[in-house]
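Q: Quick one: sequence plus predicted model below, questions after.
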Amino acid sequence: MFADINVKVIIGLFCLSIVAILSHRLGIVDTKYPLLIKSNDSVKLLLKSAHVDSHFIDNAGVSLQCKLTNQDGYEFCGVGIPLTDGIRNNGLDLSVYNRMSVSIKYTAPVDNAKLKISFRNFNDKYSNLKDSVSLKFNSISYNPNRHKLPVDIPFDALQVDNWWVEQYKIGFTNSQVELTNVSYLEILTDSMNVIGDYNIEIQRIDLYGKLISEANLLKLILLIWLITIIFLVTLQRNILQRISITDSLTGLYNRQGISAWTNKKIFMGMARQCFHMFYLDLDDFKKVNDTYGHQVGDQLLISFSHYVQNYLDSIEGIQFTFARLSGDEFALVVIGLKDHQIKTFAKNLLGVWDAPIALEEHETYARASLGIAKLSADVKTFDGLLARADSAMYYAKKEGKNCFKVFNETVSQDIFFRKQTAEKIKNAIIHDQFHLNFMPILDAKSLKVVSVEVLIRANTHELLGIGPDVFIPIAEEYNLIKSIDLWVIETTFKKITKESTFLQSHPLVFCINISSVELHNPIFVQQLTELMSLYQIDPTTIELEITETCLVEADLMSVSTLEEIHNLGIHLTLDDFGTGYTAFSQLINYPVSCLKIDKTFIDNLNSADKTTSTMIKAILSIAESYQLKTVGEGIETYQQYAFLLEQGCDMLQGYLFSKPLLWKDLRDILSDSNQQPFIPKKIEWQNSK
Ligand code: C2E
Ligand code: MG
Ligand code: MG
């Protein structure tokens, strides 16, 4: 856009420069300076001798009637027009004019009588200031038009009258008239040799000239170009700088903008006041984007920023700046809120967009999670503050969204723990310090092991006591999960290949957990395919488990990844089903073949509350109507087992049957010629009844 403006300004300036130069050359903008002011005062009578009678007649111009009564030597009669206020030695610079237009009629008793036009010049190069005659040398002879028509006398054609030059031996033969310092213009009879009437009738004398010399005009144009270029460069730099710190969608500051603002305030000593950073992240924004499209998503972000901005504007006594960091993440810095005001402020902030926001024809809610951090002795920069507020926001999300969390010691310790654990996971990946456990999944009716869930374990004492329920989410957070998933898949495939003989007599399906991250990993399916062909894996011998929450956030890419996996002939299971609030009707849209009911439902079966059992019944019945298999996970009691069996759950998994086992142990148990190794003990069944 500014490039456009620049080009326009430069083209405009170029045209103007050309026009100015041409106008100057063609004289379109010449100035006019009238020399004749029609008043007797402004015109002086000049006479040489007493032999001339003269008088002025002031009509249309200035008329001078002179009568030579007796000829005695050099006689003259004429007028003088002062060009300045009369201060001697200080003349007018006529060189800035380039012509003189005169309308003079002159009648004399001789033919071809000439007038002398003198430019009295006080330039001492030309005149002896003490000699009034030499001052006149700077003159021309002029044969005026009898018809009073204006005649143009170009100044550059004016040559000093040689008569004077010879007379005074000044040595300026054929010289230009000097016009720089002219204080008097004299119009005189050239000579009065014959007795009679000499009438000079001056109608007009105008000077025409350039407003400015061409050299100066060029200098001026150059100067204007210089100023314009400096202006444009500065303007462009300012615009670019403003763009670089502004979020184009909302018009708020971007990360760079708020960072500069905050650091400047800290530098200015504002840190001595209460200085808080708020990190806002919209909840389930992706859903809005996926459901209504990106345009509506963008509108939501704009409306949201307006709501917050309006709320902030309404609060007195604070200084603040509000910025969009990226996507649905915003940061707000507030100076002037006391510690005891923070909670109310945060609650109000979360409440400002409580009502649905109207977007085109849709209406949606914008909820956000909020993390808060305070400037303190150990964190004194924007980045430090933001990192803390971000961590606090992460906890707000974990605590169920649409709430706020203030960064405190617990959060700080947790961050430290997560960072350390991430380091340990990285080391474990590098040194191959993991192994697999296999947890039997039984057919509900026959209680025979039909499949096993592959579960990762860390071998290193560094991660002792830290299970996958803890380290897998950390691995996801620190971008380490892809290596782990790949390692589990490859190790399982190796196992299947190695145990192919055993598996022929004891067919098992290996259920492998994969992280939701893989659904956005563009090379995951390709890697999976390559490993399958490398280890010659029959796709029916494996299943992939993804958590139901993946689907809640599923977009086009994840659904297409699921389709590709399905097309490889691999069955997909929705893990921890029931926690993600997937609408049952949407299940049809995903290529899954099995639902694994979340352990929390099974746990709750023991309580008196009948809601859970109703929910499980609903899941089982819906699964049946969609022809999906079902697994009950986390079964620990006979009561749970009996309920699921009765309700028609297809498969069962839980400590009641077996804990996750090392392959060697699982193999030993399965190889046992005695049938049905995992039948629950009757005693427990009776106890639980
Ligand atoms: P999940 O996929 O839902 O796995 C089931 C978890 O519940 C396992 O815990 C299993 O040991 C536990 N479990 C099953 N039945 C019972 C029961 O009756 N009582 C009790 N108390 N627990 C039971 P584990 O192995 O600690 O895994 C936890 C989570 O870590 C898994 O949940 C899964 O989300 C993740 N995970 C485990 N292994 C892997 C892996 O290889 N890759 C990935 N991406 N995630 C994994
Ligand atoms: Mg699982
Ligand atoms: Mg599970």
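A: On my side now, so go ahead. Residues are numbered from 1 along each chain as shown. Ligands and ions are numbered 1, 2, ... in the order given.

Q: near ligand 1, anything from whichever strand or helix holds residue 527?
A: Secondary structure assignment for residue 527, by DSSP states H and E: helix 524-534. No: if you take C-beta under 6 Å from any ligand atom as the test, helix 524-534 misses ligand 1, and the best it gets is 12.0 Å. Placement of C-beta: from N, CA and C, glycine included.

Q: Show me what counts as buried in that helix.
A: Using 16 or more other C-beta atoms under 10 Å as the test for burial, helix 524-534 gives 524, 525, 527, 528, 531, 532.

Q: Please verify my assumption that the last one contacts residue 541.
A: When you say that, I think you mean residue 532. No: contact criterion C-beta atoms under 8 Å: residue 532 and residue 541 do not qualify, at 10.1 Å.

Q: Tell me which residue lies nearest the centroid of this structure.
A: In the chain, the residue lying closest to the centroid (C-alpha atoms, centre = their mean) is residue 243, at 3.7 Å.

Q: and the protein, which of its residues are near ligand 3?
A: Contacts of the chain with ligand 3, taken as C-beta under 5 Å from the ion, map to 575, 576.

Q: Can you name the residues that contact residue 440?
A: Each residue near residue 440 by C-beta atoms under 8 Å, 6 or more residues apart in numbering is listed here: 449, 451, 452, 653, 657, 658, 661, 666, 678.

Q: of all of the stretch 351-500 of the chain, which residue lies closest to ligand 2?
A: residue 453 (5.5 Å; C-beta to the ion).

Q: Can you tell me the SS state at residue 557?
A: The local conformation at residue 557, judged by DSSP: H, G, I helix; E, B strand; the rest coil, is helix.

Q: how many neighbours does residue 469 have?
A: As a burial measure, residue 469 scores 7 neighbours (other C-beta atoms under 10 Å).

Q: Hmm, residue 256 is touching residue 246, no?
A: No: Residue 256 is beyond contact range of residue 246, at 9.1 Å (criterion: C-beta under 8 Å).

Q: Show me which residues of the biggest strand by length in the chain are buried.
A: If each strand of the chain is counted by residues according to DSSP state E, the longest one is strand 196-209. For strand 196-209, burial by neighbour count (16+ other C-beta under 10 Å) applies to 198, 199, 200, 201, 202, 203, 204, 205, 206, 207, 208, 209.

Q: Show me what the mean pLDDT comes to for stretch 645-662.
A: In this model, stretch 645-662 has an average pLDDT of 96.

Q: Could you confirm whether it reaches ligand 1?
A: Yes: shown here: stretch 645-662 in contact with ligand 1 (C-beta under 6 Å from any ligand atom) through 653, 654, 655, 660.

Q: For residue 433, give me phi and psi.
A: phi -100, psi 50 (degrees, to the nearest 10).

Q: excluding its backbone neighbours, what's nearest it?
A: The shortest distance from residue 433 to any non-neighbouring residue, by C-beta to C-beta, 6 or more residues apart in numbering, is to residue 460 (4.2 Å).

Q: And the pLDDT at that neighbour?
A: At residue 460, the model reports a pLDDT of 91.

Q: So residue 677 sits against residue 668, correct?
A: No: in this structure residue 677 lies outside contact range of residue 668 using C-beta under 8 Å: 9.5 Å.

Q: which of these two has more neighbours?
A: Higher neighbour count among residue 677 and residue 668: residue 677, with 18 against 12, using other C-beta under 10 Å.

Q: Beyond the longest helix along the chain, next helix or strand please.
A: Among the segments of the chain that qualify as a helix by DSSP state H, the longest is helix 214-244. Proceeding N to C from helix 214-244, the next assigned helix or strand is helix 255-267, under DSSP H and E.

Q: ok, then the element right after that next one?
A: Following helix 255-267 in sequence order, the next helix or strand is strand 275-282 (DSSP H and E).

Q: And that following strand, what does it pack against?
A: Strand 275-282 is packed against helix 255-267, helix 294-313, strand 329-335, helix 342-351, strand 368-374, helix 382-398, with contacts defined by 3 or more C-beta pairs under 8 Å, 6 or more residues apart in numbering; DSSP states H and E.

Q: Quick check: can you name the pairing partners of that strand and their directions?
A: strand 329-335 (antiparallel), strand 368-374 (antiparallel) (DSSP bridges).

Q: With just CA atoms, put the last one into CSV.
A: Which is strand 368-374. Extracted in CSV, the C-alpha atoms of strand 368-374 (Å, rounded to 0.1, in the frame of the first residue of the first chain):
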residue,chain,number,x,y,z
ALA,A,368,-11.4,-18.1,27.9
SER,A,369,-8.9,-19.5,30.4
LEU,A,370,-6.8,-16.9,32.2
GLY,A,371,-3.3,-17.1,33.7
ILE,A,372,-2.0,-14.3,35.8
ALA,A,373,1.6,-13.4,36.8
LYS,A,374,2.9,-10.6,38.8
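
Q: Which positions in that strand come out as buried?
A: Neighbour counts over strand 368-374 (16+ other C-beta under 10 Å) mark 368, 369, 370, 371, 372, 373, 374 as buried.

Q: Same check on stretch 445-458?
A: So stretch 445-458, judged by 16+ other C-beta under 10 Å, has buried residues 447, 449, 450, 451, 452, 453, 454, 455, 456, 458.

Q: ditto for stretch 255-272
A: Here stretch 255-272 shows 255, 257, 258, 259, 260, 261, 262, 265, 266, 270, 271 as buried, counting by 16+ other C-beta under 10 Å.

Q: can you redo these as a markdown table with pLDDT?
A: A markdown table is the format used below for the buried residues of stretch 255-272 (pLDDT from 0 to 100):
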| residue | pLDDT |
| --- | --- |
| 255 | 94 |
| 257 | 95 |
| 258 | 95 |
| 259 | 95 |
| 260 | 94 |
| 261 | 94 |
| 262 | 94 |
| 265 | 90 |
| 266 | 88 |
| 270 | 68 |
| 271 | 62 |
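
Q: Closest one of those residues to ligand 3?
A: The shortest approach to ligand 3 among those belongs to residue 255, at 37.4 Å (C-beta to the ion).

Q: Now do the closest residue to ligand 1 within the stretch 101-250 of the chain against residue 101, distance only.
A: The nearest approach of the stretch 101-250 of the chain to ligand 1 comes at residue 249, 34.9 Å away (C-beta to the nearest ligand atom). Distance, residue 249 to residue 101, using C-beta to C-beta, to the nearest Å: 67 Å.

Q: These two: who's more crowded?
A: Shown here are residue 249 and residue 101; by other C-beta under 10 Å, residue 101 has more neighbours (16 against 13).

Q: The helix or strand harbouring that one - contacts with which helices or strands?
A: Here residue 101 is covered by strand 97-107, with elements defined by DSSP H and E. Under the contact criterion of 3+ C-beta pairs under 8 Å, 6+ apart, strand 97-107 touches strand 115-121, strand 151-154, strand 196-209.
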